[in-house]
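coordinates for the following, if possible.
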Amino acid sequence: MKHMKRYFFILIYSCMMIIMLASGTVAHAQDTTSSCACSCVKPFFQYLIASHRLFTKETDHILISTLVNDANKAGYNVSYSGCPILSKNINKYFYAVTTDTVGTAYKARLGDCAIVLTTTNNQSVVFSKLLSKDCDNSGNVLFTYNLPVHKIYKVNKSTVITAVNTDTALYAEVLNSTFTADTTSSNIVAAIYDHGAAVFQGYQIKTLFNTETIAIPTGGEVISAKLHLFAKPEGFNPPAYPNAHNTGAEKYYEARTFIASCGTKWDYTTSARDLYSISPGMGIQDIVAPDGNFDNWVFDMTPNMQSDPWFYRYGFMLSNYIYLDSTVVYNTFCSQKYSDAGKQPYVDITYYPNPDSSIVAQLKVDTCFSCSTVPSSICYSAVTDTSVNIFTYGIAGNWRPYRSYAYYGDRSETDPSLATNIRRDGTIKEYSGFWKMVNGTWKPQSQDTGRWVWNSETTLFNRRGLELENKDPLGRFNAGLYGYDENLPVAVIQNAKFRESAFDGFEDYFFVGSSACDASCAVPRSFDFSSYKNNLDSTEQHTGKYSLRIAKDSSAGISASILPDTSNTFGLSFTTAANNCLPTDSVLKSIKAGKDALLPGFSPLAGKKIVISAWVKEAQACIGDTYTGNQIGIVIGRAAGNITVIAKPQGGIIEGWQRYEQVVDVPADATTLSINMQATGTSTVYFDDLRIHPYNANMKSFVYDPGNLRLMAELDENNYATMYEYDDDGTLIRLKKETERGIKTISETRSALLKEE
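Numbers count the residues shown, from 1 in each chain. As a prediction, the model looks like this:
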């Protein structure tokens, strides 16, 4: 007969002392910047005006790096590397303080800097109609009052000219060549083939084309002018030449195709020979050398159009330079006669119709705030003081759960065949309580292991009282790692101590609280890449918003001590003194704790195996099945000589990212562990989601949005991610899973509330 047992759970609380260790506090320093790098601030704000992002809200959490990338994609040359105000704030937020779109002053925050735009005559202006003009001697950006005009001019005329030489090389005379002109072709193409023999039928194909009349008003100022050509999907001449272009990856290839202006007027009545003889006009020519066989091409005409708005009055030519090899060179694009309107060529021009020289507003960097650590009594160590109220400073009186116990005992009713009285039955037979009153004080009884059995003991807490580590009666440890100012769990580990595991997704280094300098008395990280904070990049990421950028021939890494396994307990020394004031024998004079009372940093245990995992991406396209321009160097320090392990990424490349997973044996005599992420190739490398834990442990890690603290990704025991996507209301709409075969959408939901009629 089975015994019916009832389980009681009881928590034993222990008093944990929070030891505040700090050497200083953070002071707010004002750096008044009278001059700025106008070359970058000017195009940056012109983009904000043109793209209607001047009034970005603080709640949008838009990074400056995002705006810089978008500005460059839109054709605005914004370089933050040579601009101190942008480079120092590149991973911080931009937002408008001003909400009125019309007024005499506009204010915004550019990271830690305040930006002020004021009108010169104290008259209201529409901020969205301002045009950045020049910079004054102080570096302030000056604005005129104008609005850019953006127009699209479609190609409406083209003719393909083919010259076939029957008895001489193309680079010699063309008197005996045969010329044809095709005005119905759906191609804009240039090709050349010349064997170089005395008698050979070589050929050259070139195309002349023109657009609708590009009319820039007199006095207008061209900002941007670009010709857009789209590769023909059907290729140059299938099936012999199925690609639109040949590229540098092919043998004997040379970039010979160019785009230029036509030096002479032409139309459909011009003979084929005369069309072929038209020379390129003066000015900048563009060498067409696509990287891919079906790449589109954009020709930046801006310099030529700025020098002469009528520069392309006679249209364009796509042609070739003289070629001296038997390989065919060809580039094929769609003409205006191509069936897909989305691939028809056009010219994209933005200009100011009537520039106004009168200055109506100026923009300047008003004040920049910087945070520096200085000695201060605000953040002194109360623990090391000679006289302190331990309750005022939170040193004592902090009660935390210590152990949880379960009661194992028989019920009074043991025969299931008897009738049950649910009102009275179910009591514990010979129950013995955990606590017992002794001389007016509650004390735990001598614990009978057959009745009250403990199943969990908490061994570490962080300063916020959150559990960092616990163990069970078998000595198996579980741990949790916290980030975002120790508010959110970033990793949970089974079968490992707190000190044995580490995770860094590089997400919370820019996380701040309510103030601009919220690092007062900051607790050091146990796994810290703060020295590489300027290398955190928001343009590439495996999960979250950031990754660690490592330039070519550079590296980034950390070191940790390897220590023997020790007990997690620590002792307190209580010192008393004679009491001369109150009717008691003695009073508490001091409490002394050893170094074991401090939270341990990342320090793996000697004599164990560890697993190091990470994700990597190279800036250049991968040729083959794996990346070859990066590695992780692992060095284990020993008195008998160091051990070096070189880890390489393994497995397939998933959405541009490849995984590291390296098992490392830590000898019993090891003293240090160094991990160095290296870019060994010719391109920039990005690392993300670095994890270290014991071989027999299991880790899950979490990535949050630093702006709204929503869970963005969860990485499983193999460091593969599950991604969470939300709508503008913060509702989860999509769940994706990273697998060896790519990222798969697991579920997608949409919801809405119907309005009552």
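
the longest helix seen in the chain: which residues count as buried?
Counting by DSSP state H, the longest helix found in the chain is helix 38-50. Under the neighbour-count criterion of 16 or more other Cβ atoms under 10 Å, helix 38-50 has 38, 40, 41, 42, 43, 44, 45, 46, 47, 48, 49, 50 buried. Where C-beta positions appear, they are placed from N, C-alpha and C, glycine not excepted.

please apply the same query to stretch 466-480.
Buried, per 16+ other Cβ under 10 Å, within stretch 466-480: 467, 468, 469, 470, 471, 477, 478, 479, 480.

quick one: that stretch to chain centroid distance?
Its chain's average C-alpha position is 33 Å from that of stretch 466-480, according to Cα atoms, centre = their mean, to the nearest Å.

now stretch 256-266
43 Å.

export the buried residues of helix 38-50 to a markdown table and tack on distance to residue 353 and pLDDT?
Converted to a markdown table, the buried residues of helix 38-50 look like this (distance: Cβ to Cβ, whole Å; pLDDT from 0 to 100):
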| residue | distance to residue 353 | pLDDT |
| --- | --- | --- |
| 38 | 25 | 75 |
| 40 | 26 | 81 |
| 41 | 25 | 87 |
| 42 | 20 | 87 |
| 43 | 20 | 89 |
| 44 | 24 | 91 |
| 45 | 21 | 90 |
| 46 | 16 | 88 |
| 47 | 20 | 91 |
| 48 | 21 | 92 |
| 49 | 16 | 89 |
| 50 | 15 | 86 |
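
closest one of those residues to residue 302?
Nearest to residue 302, judged by Cβ to Cβ, of these is residue 43 at 13.2 Å.

which residues touch the closest one?
By Cβ atoms under 8 Å, 6 or more residues apart in numbering, the residues touching residue 43 are 71, 76, 77, 78, 132.

packing partners of the one helix or strand the last one maps to?
It stands for residue 132. Residue 132 is part of strand 130-135 when elements are defined by DSSP states H and E. With contacts defined as 3 or more Cβ pairs under 8 Å, 6 or more residues apart in numbering; DSSP states H and E, the packing partners of strand 130-135 are helix 38-50, strand 141-145.

mind putting these into TSV with distance to residue 484?
As requested, the helices and strands packed on strand 130-135 are exported to TSV (distance: least, Cβ to Cβ, whole Å):
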stretch	distance to residue 484
helix 38-50	29
strand 141-145	36
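
ok, which of these comes nearest residue 121?
Nearest to residue 121, of those and by Cβ to Cβ, is strand 141-145 at 11.1 Å.

what's that closest one packed up against?
So strand 141-145, by 3+ Cβ pairs under 8 Å, 6+ apart, packs with helix 38-50, strand 130-135, strand 361-374.

helix or strand right after it?
Scanning forward in sequence from strand 141-145 by DSSP H and E, the next helix or strand is strand 149-165.

the helix or strand following that next one vs strand 149-165, what angle?
Next helix or strand after strand 149-165 toward the C-terminus (DSSP H and E): strand 178-182. In terms of direction (axes from the mean of the first three to the mean of the last three Cα atoms, to 10 degrees), strand 178-182 departs from strand 149-165 by 150 degrees.

give me the residues contacting strand 178-182.
159, 160, 161, 162, 163, 164, 166, 271, 272, 273, 275, 276.

let's see 10 Å
For strand 178-182, contacts defined as Cβ atoms under 10 Å, 6 or more residues apart in numbering pick out 158-166, 201, 203, 205, 207-208, 268, 270-277.

where along the stretch 301-450 of the chain do the helices fall?
Using DSSP state H, counting those that start in this stretch, the helices found in the stretch 301-450 of the chain span residues 302-307.

the chain now?
38-50, 64-73, 84-87, 272-277, 302-307.

so which of those is nearest residue 755?
When these are ranked by proximity to residue 755, the top entry is helix 64-73, at 34.7 Å, counting by Cβ to Cβ.

now that closest one: buried residues?
Result for helix 64-73 [16+ other Cβ under 10 Å]: buried residues 64, 65, 66, 67, 68, 70, 71.

just stretch 698-705 next, same as before
Of the residues in stretch 698-705, those buried (16+ other Cβ under 10 Å) are 699, 700, 701, 702, 703, 704, 705.

between the helices and strands packed on strand 130-135, which one is closest to residue 58.
helix 38-50 (15.0 Å).

for the closest one, the distance to its chain's centre please.
23 Å.

do stretch 617-628 as well
19 Å.

do stretch 38-55 as well
22 Å.

how about stretch 244-251?
Distance, centroid of stretch 244-251 to centroid of chain: 34 Å (Cα atoms, centre = their mean).

and stretch 439-453, by the same measure?
The answer for stretch 439-453 is 55 Å, by Cα atoms, centre = their mean.

can you give me the end-to-end distance of that stretch?
26 Å (Cα to Cα, to the nearest Å).

just give me the neighbour total for residue 598.
11 (other Cβ atoms under 10 Å).

before we move on, the earlier item: report the mean per-residue pLDDT for the strand holding residue 132.
Looking at strand 130-135 alone, the average pLDDT works out to 82.

mind listing what's buried along stretch 413-420?
Applying 16+ other Cβ under 10 Å to stretch 413-420 flags residue 413 as buried.

how long is that stretch end to end?
9 Å.

residue 420: which of the helices and strands packed on strand 130-135 is closest?
helix 38-50 (75.8 Å).

can you name the residues that contact residue 718?
Applying Cβ under 10 Å, 6+ apart, the residues contacting residue 718 are 613, 659, 661, 699, 738, 740.

what pLDDT does the closest residue to the last one other than its chain neighbours get?
Among residues not flanking residue 740 along the chain, residue 652 sits closest, at 5.9 Å (Cβ to Cβ, 6 or more residues apart in numbering). Residue 652 carries a pLDDT score of 91 in this model.

give me the neighbour count for residue 652.
Neighbours around residue 652, by other Cβ under 10 Å: 14.

my read: it touches residue 659, true?
Yes. If you go by Cβ atoms under 10 Å, residue 652 and residue 659 touch, sitting 8.7 Å apart.

make a ChimeraX selection of the buried ones in the contacts of residue 43.
One line in ChimeraX is enough to select the buried members of the contacts of residue 43, burial here meaning 16+ other Cβ under 10 Å:
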select :71,76,78,132
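
reformat the contacts of residue 43 as TSV; add distance to residue 410.
Shown next, in TSV, are those (distance: Cβ to Cβ, whole Å):
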residue	distance to residue 410
71	75
76	80
77	82
78	77
132	85
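
adding distance to residue 442, write the helices and strands packed on strand 141-145 out as a markdown table.
Output for the helices and strands packed on strand 141-145, formatted as a markdown table (distance: least, Cβ to Cβ, whole Å):
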| stretch | distance to residue 442 |
| --- | --- |
| helix 38-50 | 67 |
| strand 130-135 | 75 |
| strand 361-374 | 46 |
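
give the residue spans of the stretch 201-350 of the chain that score low on pLDDT.
201, 252, 322-326 (pLDDT under 70).

how about residue 206: what's its closest non-neighbour residue?
residue 319 (4.0 Å).

try residue 713
Excluding the flanking residues, the one nearest residue 713 by Cβ to Cβ, 6+ apart is residue 543, at 3.8 Å.

cool, and residue 103?
residue 124 (5.5 Å).

ok, that neighbour - contacts?
Each residue near residue 124 by Cβ under 10 Å, 6+ apart is listed here: 100, 102, 103, 104, 105.

brilliant, that's me finished.
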